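[1] what would the 3D arrangement of this be:
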Amino acid sequence: MGKAAREASRERLRQEREQAKKRAARARTLGVIGAALAVVLVVVGGGYLFLSQQRAQEQEFADRYEDLPPQPLQQDGSVVLAEQDLDAPVVEVYADFQCPACKQFEEASGPTLQQLAAEGDAIVHYRPVSIFAQSQAPLSANSLRGAAAARAAADHGKFVQYHDLLFENQPPEGSKGFAVEDLKQWGEDVGIDDARFAQRVEAESEAVATFTGDYLPKLSSAAQEQLSKSEIQEMGLSGLIEWGGDNGVDGSFLQDTYVKEAVDATSAVKDRYSSGANAFGGTPAVYVNGEKMGDAAFSGDGIRDAVEQAGPGEVSTEPLAAGTGATAGASPEPQVSP
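    Numbering: from 1, shown residues only. A predicted model of the protein is given here:
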């Protein structure tokens, strides 16, 4: 792609993202005056016009992702946004859908990341985690439900679109959010018409309820009785779950759930970036070819500068095998039981 074409592509995508922000603002306004507007539409016979505008907005939502490259699901549940075999810097983004700073990052730098991927200048590796999994509800439940639903959307090749909607609709800290019905509706909004998506969201929500409401308190209590605080911290949540299975706290309901996948992803990044300047200390965490970015990550220009200064990188994961996950459009239900 030549320089002129790249600049044209960047400008087009910038305009599309600006239009998307304006649509989101309009949607919030409509939410406040929706009841009154509905009455007005009936009175003036404008129902048809309203439905036409809604369809147009839905089409605009779909069009703004037209230029994005493929988003193959990886074996560990992460998602890579890039053309196949692209030789470019790798930008890893670790984020929690309930994290307010992550939302700020996405609003500031998310459009640039998608532009870079569309232009072939970067491989964007989305790696959702749940840093709030051990927090009190509703913080923990929101975090885990969001991560699990995004993972289910990745099964259907719609992770990036769904990822953006989750951040646009992030609940305030301390407020219950990411309701099951909303999570299912957002799947329809991004174009997932497979009933297995909604079924998976429901099953994962049951797993979250069991995890936060019954299992985690029992696990924490048992661990505090038998382990030191330093042992618990060193073990991490994934290790603690494994320990619980050997010490009378049954976590088998988590088997094959995306809830457990989010927990394991969080432990994995702590192990991968465990010390020094690159140590993972929370979300958002952005790494370019394995080098952690600082505050510059909260700027589109900062992201672009870091990518321009970096050489080609390597993705550390492998794509999910053909015939599974997004390739098959499948989203098998986990076995969930208290």
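[2] is it true that Leu68 touches Gln114?
    Yes. Leu68 lies in contact with Gln114 (C-beta atoms under 8 Å); the separation is 6.2 Å. All C-beta spots, glycine's among them, are computed from the backbone N, C-alpha and C.
[3] where do the helices sit along the stretch 101-250 of the chain?
    139-154, 159-168, 180-189, 195-210, 216-226, 229-246 (DSSP state H, counting those that start in this stretch).
[4] helices or strands next to the last one in the packing?
    Helices and strands touching helix 229-246, as assessed by 3 or more C-beta pairs under 8 Å, 6 or more residues apart in numbering; DSSP states H and E, comprise helix 216-226, helix 258-272.
[5] nearest to Asp189, of the ones you listed?
    For Asp189, the closest of the helices and strands packed on helix 229-246 is helix 258-272, at 19.7 Å, according to C-beta to C-beta.
[6] still on that earlier bit, in CSV: the helices and strands packed on helix 229-246, plus distance to Asp301.
    Output for these, formatted as CSV (distance: least, C-beta to C-beta, whole Å):
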stretch, distance to Asp301
helix 216-226, 41
helix 258-272, 26
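[7] out of those, which is the most enclosed?
    Comparing the helices and strands packed on helix 229-246 by mean neighbour count (mean count of other C-beta atoms under 10 Å), helix 258-272 ranks first with a mean of 21.
[8] what mean pLDDT does the helix or strand following it have?
    Proceeding N to C from helix 258-272, the next assigned helix or strand is strand 285-288, under DSSP states H and E. For strand 285-288, mean pLDDT rounds to 98.
[9] what does strand 285-288 contact?
    Residues outside strand 285-288 that contact it (C-beta atoms under 8 Å, 6 or more residues apart in numbering): 89-95, 105, 109, 269, 273, 278, 292-293, 297, 303, 306-307, 310, 313.
[10] number of nearby residues for Pro312?
    11 (other C-beta atoms under 10 Å).
[11] and the pLDDT at the residue nearest to it when sequence neighbours are not counted?
    Using C-beta to C-beta, 6 or more residues apart in numbering and skipping the chain neighbours, the partner closest in space to Pro312 is Asp87 (4.7 Å). Listed pLDDT for Asp87 reads 96.
[12] who's in contact with the nearest residue to Leu113 once chain neighbours are set aside?
    Among residues not flanking Leu113 along the chain, Val124 sits closest, at 5.0 Å (C-beta to C-beta, 6+ apart). The contact partners of Val124, taken as C-beta under 8 Å, 6+ apart, are Val80, Leu81, Ala82, Val91, Val93, Leu113, Gln114, Leu116, Ala117.
[13] and the fifth one, that one's in a strand?
    The one in question is Val93. Yes. Counting by DSSP: H, G, I helix; E, B strand; the rest coil, Val93 is found in a strand.
[14] what bridges to it?
    Tyr126, Val286 (DSSP bridges).
[15] got it, and the first one?
    Beta-bridge partners for Val80, by DSSP bridges, are His125.
[16] what's around it, how many residues?
    24.
[17] how near is it to Gly313?
    Applying C-beta to C-beta, to the nearest Å, the value for Val80 to Gly313 is 12 Å.
[18] still on that earlier bit, quick check: PyMOL command selecting the buried ones in the contacts of strand 285-288.
    Applied in PyMOL, the following selects the buried portion of those according to 16 or more other C-beta atoms under 10 Å:
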select buried, resi 89+90+91+92+93+94+95+105+109+269+273+292+293+297+303+306+307+310+313
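[19] which pLDDT value belongs to the closest residue to Gly244 other than its chain neighbours?
    Nearest residue to Gly244, sequence neighbours excluded (C-beta to C-beta, 6+ apart): Leu219, at 4.7 Å. Looking at Leu219, its pLDDT stands at 97.
[20] my read: Leu219 touches Leu240, true?
    Yes. Contact status for Leu219 versus Leu240: in contact at 6.3 Å, counting by C-beta under 8 Å.
[21] quick one: contacts of stretch 94-112?
    Under the contact criterion C-beta under 8 Å, 6+ apart, stretch 94-112 has outside partners 13-14, 17, 126-132, 139, 142-143, 146-147, 150, 163-164, 166-167, 170-171, 173, 177-178, 269, 280, 283-287, 297-304.
[22] over to stretch 211-230?
    By C-beta under 8 Å, 6+ apart, the list of residues contacting stretch 211-230 reads 134, 137, 140-141, 144, 232, 235, 240-241, 243-244, 247-249, 251, 253-254, 259, 338.
[23] my read is that Val263 contacts Gly239, right?
    No. With contacts counted by C-beta under 8 Å, Val263 stays clear of Gly239, the gap being 10.4 Å.
[24] please report how far Pro319 lies from Gly239.
    In terms of C-beta to C-beta, Pro319 sits 27 Å off from Gly239.
[25] compare the two (neighbour count), which wins?
    Legend: neighbour count by other C-beta under 10 Å for Pro319 and Gly239, higher for Pro319 (17 against 13).
[26] nearest residue to the more buried one other than its sequence neighbours?
    Using C-beta to C-beta, 6+ apart and skipping residues adjacent in sequence, the residue nearest Pro319 is Pro72, 4.7 Å away.
[27] tell me the confidence at that neighbour?
    Here, the pLDDT recorded for Pro72 equals 97.
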